[in-house]
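1. the sequence isn't on hand, but the structure is:
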């Protein structure tokens, strides 16, 4: 079957729901015009059109009786509406003829690359009749809302090192600090807003985690904060950092008054509409909706309260009678920056994708990506990604047939996407039986909130006289609390343990001989348990899985070596979410070794030419190891204790499927 291109379209579908306060919802962007002023009476088209930004339109009170044989949202650059215009997808991102509307509020988006400022008109257009039923004109001087730069934050003489390169209004409830620095030593500092002069009469706003709390140290980070409740930038004259205890202004920027701001409206107070025939809860924070069309195509939407870096996976089980990930045919959907993506996956083994084996995109196993019309929105902490595929794609290598008769075993999971844009081991997973051809039925309720996750402290291992010989084995990574929190990278779900410590930061001295005794698995035919150990300049490793271009700057300082496999596995299920530290988590694991047990030895002497930071990694898989700090003098032995807390690692999403098993 010919490869079908994946059409990426970012769109937003909104209906008013749960308004928090009048001020937050009396601004919908910059008004363009009213359809009723240029409308054909027989189709009863009404509604006001607002520009949210240069690509999105908010239609308020839109009405259309649906009586025309065909009608579409249409836009163009000619003097008046005509055939030269372009179709704008409807409120669920599709290009079908418009349904009937009754005083409805929703948002539509121009196709990618479209710019409202370049248009002359927006219409409800009939292609069959080649006529406009209603339209609004766009003035040549029209400037759509955009972000507003408030300038540099920080005094000439910095207070507690507080400064930001710039502060920008993203929308009426969202502000972003670029390259924010603050030493964290203020006794009670908060993000702060107010009117008039900066003073104690101002008020706190939430930090980047959505919580109002004393601010942590910032070391040149881009930080986005969002006003809570019905508060907006229109209410205030400044924003900055203020210390309540010292009653001191650490730095602020002024906010212009409302009539000087042309910024996008906040979409925080609204929920997505579900236009699908069916909806089923897969988990308290994951739902699937679907409609089977007459042309043997199924439209699917996944909605999850997941972290912005998480994927959602959904598809057919590897077994017709039970939940089984191996052999499953799934779609992995996630946000890539601010673009939604959906990718066909085939799960051939319980392992990271390598050499066409494991949890791999269909394109890596000799099949094609048969997922079409992907569209996405991230709003109010909920990620929604819609896509379509044929019930029978004809791709026998990568896809199973979706049956509309009887029950079908499905699987789902939530996990993280790594730096290579590949799905890694699940955080959560499950399965159930669904009837795709059932009579329309919706059983979904509100999605549950995400939990706060405390990341474990990093362990350190000093290569002194007591640690000249180091043993490396494979073990469970501890997931978000462990590998992800410590390294700020997404691993597969397994990682290296050095001297029984979960991915410690290792300090080695130049011109000293060190020996690594490796037990990573030596059967290359078993990809899931084959982990050669090596030392490299690449923080991800996985040399054997890289393209020739990716290998160009990849330096190998030692290895790879194998040894038979020793692996630390869960004794009684995964305890990473309840363990309070890496040491406590290690106690929940037990060592399992192949017999006979045979170590491979790697001897390495870092010298003056060795970079200060290198990495111990797996030669065949990405992101299993961590840092080696090469130094001229070792730090004190006390550094073998835990380092200061890296801070809390939060699972949070904001307005803007596998680990698999």
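-> The structure has been received and is ready for your questions. All figures in this text were calculated on a predicted structure; none of them were measured in a lab.

2. and for stretch 591-604, what's in contact with it?
-> 471, 473, 513-522, 533-535, 557-559, 561-569 (CB atoms under 8 Å, 6 or more residues apart in numbering). Every residue, glycine included, has its C-beta placed from N, CA and C.

3. how far is that stretch from where the chain is centred?
-> 38 Å (CA atoms, centre = their mean, to the nearest Å).

4. give me the buried positions along that stretch.
-> 594, 599, 600, 602, 604 (16 or more other CB atoms under 10 Å).

5. hmm, back to that, list only buried entries from the contacts of stretch 591-604.
-> 471, 473, 514, 516-522, 533-535, 557-559, 561-568.

6. name the helix or strand for the residue nearest to residue 430 when sequence neighbours are not counted, please.
-> Excluding its sequence neighbours, the residue lying closest to residue 430 (CB to CB, 6 or more residues apart in numbering) is residue 412, at 5.7 Å. Assigned by DSSP states H and E, residue 412 belongs to strand 408-417.

7. gap between that strand and the chain center?
-> 16 Å.

8. what lines up beside it in the sheet?
-> Sheet pairing of strand 408-417 (DSSP bridges) gives strand 310-316 (antiparallel), strand 423-434 (antiparallel).

9. pick out the shakiest of the ones you listed, pLDDT-wise.
-> Sorting those by mean pLDDT places strand 423-434 lowest, at a mean of 87.

10. picking up where we left off before, now, the contacts of stretch 591-604 that are in strands?
-> Judged by DSSP state E, strands contain the following of the contacts of stretch 591-604: 471, 473, 514-519, 533-535, 557-559, 561, 566-569.

11. contacts for the helix or strand containing residue 615?
-> Assigned by DSSP H and E, residue 615 belongs to strand 613-618. Residues external to strand 613-618 that are found in contact with it (CB under 8 Å, 6+ apart): 472, 496, 498, 506, 516, 520, 531-542, 557, 606, 623-630.

12. hmm, residue 490 and residue 419 touching each other?
-> Yes: using CB atoms under 8 Å, residue 419 makes contact with residue 490 at a distance of 7.0 Å.

13. ok, the two, which is more surrounded?
-> residue 490 (26 against 11; other CB atoms under 10 Å).

14. the more buried one and residue 242: what is the separation?
-> Applying CB to CB, to the nearest Å, the value for residue 490 to residue 242 is 36 Å.

15. can you show me the helices along this protein?
-> In the chain, the segments counted as helices under DSSP state H are 22-25, 485-487, 582-586.

16. just give me the lowest mean pLDDT stretch among those helices.
-> Per-stretch mean pLDDT for the helices of the chain is lowest at helix 22-25 (a mean of 43).

17. ends of stretch 166-178, what's the gap?
-> 5 Å (CA to CA, to the nearest Å).

18. can you give the contact residues for it?
-> Contacts of stretch 166-178 with the rest of the structure, by CB under 8 Å, 6+ apart, involve 24, 27, 147-153, 164-165, 222-227, 231-234, 239, 253, 255, 261, 263-268, 655.

19. got it, and stretch 551-566?
-> 473-474, 516-523, 529-538, 543, 546, 591-594, 596-602, 604, 606, 610, 614, 619.

20. residue 397 against residue 370, yeah?
-> No: under the criterion of CB under 8 Å, residue 397 makes no contact with residue 370, lying 10.7 Å away.

21. mutual contacts of the two, please.
-> In contact with both residue 397 and residue 370: residue 362, using CB under 8 Å, 6+ apart.

22. ends of stretch 352-367, what's the gap?
-> 18 Å.

23. pLDDT of that stretch, averaged?
-> The model assigns stretch 352-367 a mean pLDDT of 85.

24. which stretches of the protein have low pLDDT?
-> Across the chain, the ranges flagged by pLDDT under 70 are 1-25, 93, 268-274, 337-339, 373, 378-381, 448-453, 637-661.

25. from residue 625, how far out is the nearest residue to residue 76 once chain neighbours are set aside?
-> Nearest residue to residue 76 in three dimensions, chain neighbours excluded: residue 85, at 3.2 Å (CB to CB, 6+ apart). Separation of residue 85 from residue 625 (CB to CB) stands at 55 Å.
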